[in-house]
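Trainee: Next one to model:
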Amino acid sequence: MLTVNVQSMIQSEVKLVFSVTDTGIGMSETDREKLFQPFSQVDGSITRRFGGTGLGLVISHNLLQLMGSEFVVASAPGQGSRFSFELVLGLASLSERQRSGTSLSAQGDFGKLLAGTRVLVAEDNLINQQVVREFLHLAGIQVEIAGNGLEALALLEREAFDAVLMDVHMPAMDGFEATKQI
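Mentor: Below is the predicted model:
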């Protein structure tokens with residue numbers, strides 16, 4: 001389950017806490033130490049069944065550090081896991097929000113800021129496309145899907161987006177090359 005909570009809001013900044021919680025097999029302290037090592041997986045059988053390179057958490061960890069945050073991992077064997085992090089993000093000025101028709105009168109209204117946002121999702125896996133599309137639609141976000149980096153670049157030339165969610169491994173052009181070109 002994904003949750004996003006407003007921890008604080010001061011003038012032009014909001015501090016959000018993002019949490020992903022699962023009810024899976026959980027991890028020991030020893031396993032948690034391996035999480036952010038490149039090309040490692042806590043459970044190798046998952047890699048054999050579903051694929052994966054062991055880079056997703058490493059890349060996410062590095063991006064969070066660049067943004068002044070870090071992962072907090074809580075897990076115990078048999079009890080699932082919770083990954084969370086905080087981000088401080090800038091908010092549009094009041095006049096910009098009024099022009100867009102979005103007001104932010106209380107912390108509970110924060111989700112309204114996302115309504116109408118346009119996001120390009122570059123992802124080749126059809127199931128992942130559907131899951132991401134549904135989650136974003138629940139937040140009122142408009143979603144366009146590209147099946148690879150070349151399609152993403154073509155869409156970006158024709159249309160404006162507020163954000164791009166880029167997969168790394170895709171046919172025709174991978175996410176690294178597409179991101180360089182963007």
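Trainee: How far does stretch 4-18 sit from its chain's centre?
Mentor: Average the C-alpha atoms of stretch 4-18, do the same for its chain, and the two points are 16 Å apart (C-alpha atoms, centre = their mean, to the nearest Å).
Trainee: How about stretch 76-96?
Mentor: 10 Å.
Trainee: Just the buried positions in it, please.
Mentor: Applying a neighbour-count criterion of 16 or more other C-beta atoms under 10 Å, one finds 81-86, 91 buried in stretch 76-96. C-beta coordinates here come from the backbone N, C-alpha and C atoms, glycine included.
Trainee: repeat for stretch 11-26
Mentor: Within stretch 11-26, the residues scored as buried using 16+ other C-beta under 10 Å are 14, 16, 18, 26.
Trainee: Quick one: residues in contact with stretch 115-124.
Mentor: Residues outside stretch 115-124 that contact it (C-beta atoms under 8 Å, 6 or more residues apart in numbering): 100, 102, 129, 132-133, 136, 139-149, 151-152, 155-156, 159-167, 169-171, 175, 178.
Trainee: circling back: reformat the buried residues of stretch 76-96 as JSON lines; add secondary structure and pLDDT.
Mentor: Formatted as JSON lines, the entries for the buried residues of stretch 76-96 read as follows, by DSSP: H, G, I helix; E, B strand; the rest coil; pLDDT from 0 to 100:
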{"residue": "81", "secondary structure": "strand", "pLDDT": "85"}
{"residue": "82", "secondary structure": "strand", "pLDDT": "87"}
{"residue": "83", "secondary structure": "strand", "pLDDT": "83"}
{"residue": "84", "secondary structure": "strand", "pLDDT": "88"}
{"residue": "85", "secondary structure": "strand", "pLDDT": "89"}
{"residue": "86", "secondary structure": "strand", "pLDDT": "90"}
{"residue": "91", "secondary structure": "coil", "pLDDT": "71"}
